[in-house]
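In: Would you be able to build a 3D model of this:
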Amino acid sequence: MKLVDSYAFLERLRDLIYGLLELRDRAKESGLEVIPIREGAPLVKYGFISMFKGGVIMDVTNEEQAR
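Out: Coordinates of the predicted model:
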C-alpha cells in the first residue's frame, strides 16, 4: 500500500467514524435507546492510527533484521 493510498484510507475511516457518531446523535435526539459507548473512543482510535502516518510497522525476528 502506497503512502497516498494510506492517507485516502485514513480519510475514509475518519469519515465513517464521524458519520456513525452523527447517526448515534440523531438516534439519541429521536429518543431511541442507543448502546452506550465511551465518549472520545473513536477519536482516540483515529489518533492512534494517524500516528503511524509515514511509518512502517515491521516484525523483526532476529538481530540481523533489526540492523
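In: how close does residue 12 sit to residue 35?
Out: Distance of residue 12 to residue 35, computed by C-beta to C-beta, to the nearest Å: 23 Å. The way it works is simple: take the backbone N, C-alpha and C, and place the C-beta from them, glycine included.
In: Please identify which of these two sits among more neighbours.
Out: For residue 12 against residue 35, the residue with the higher neighbour count under other C-beta atoms under 10 Å is residue 12, and the figures read 10 against 6.
In: The more buried one: what secondary structure?
Out: Applying DSSP: H, G, I helix; E, B strand; the rest coil to residue 12 yields a three-state assignment of helix.
In: likewise residue 31?
Out: Secondary structure, three-state DSSP: residue 31 is coil.
In: Check residue 36 too.
Out: Three states are possible here, and by three-state DSSP the one that applies to residue 36 is coil.
In: give the contact list for the most centrally placed residue in the chain.
Out: The central residue of the chain, meaning the one whose C-alpha is nearest the mean C-alpha position (C-alpha atoms, centre = their mean), is residue 46 at 3.3 Å. By C-beta atoms under 8 Å, 6 or more residues apart in numbering, the contact set of residue 46 is 10, 13-14, 17.
In: host element of it?
Out: Here residue 46 is covered by helix 41-50, with elements defined by DSSP states H and E.
In: low pLDDT regions in this protein?
Out: Within the chain, the stretches with pLDDT under 70 are 1, 3, 37-45, 54-58.
In: Could you rerun that using 80?
Out: Across the chain, the ranges flagged by pLDDT under 80 are 1-5, 33-60, 65-67.
In: From residue 28, how far out is residue 12?
Out: Looking at residue 12 against residue 28, where the rule is C-beta to C-beta, the gap reads 25 Å.
In: With residue 36 instead?
Out: With the distance defined as C-beta to C-beta, residue 36 ends up 10 Å from residue 28.
In: Those two: which has the busier surroundings?
Out: Between residue 36 and residue 28, residue 28 has the larger neighbour count (other C-beta under 10 Å), namely 11 against 7.
In: From what I see, the more buried one and residue 34 are in contact.
Out: Yes: counting by C-beta atoms under 8 Å, residue 28 does reach residue 34; the two are 5.6 Å apart.
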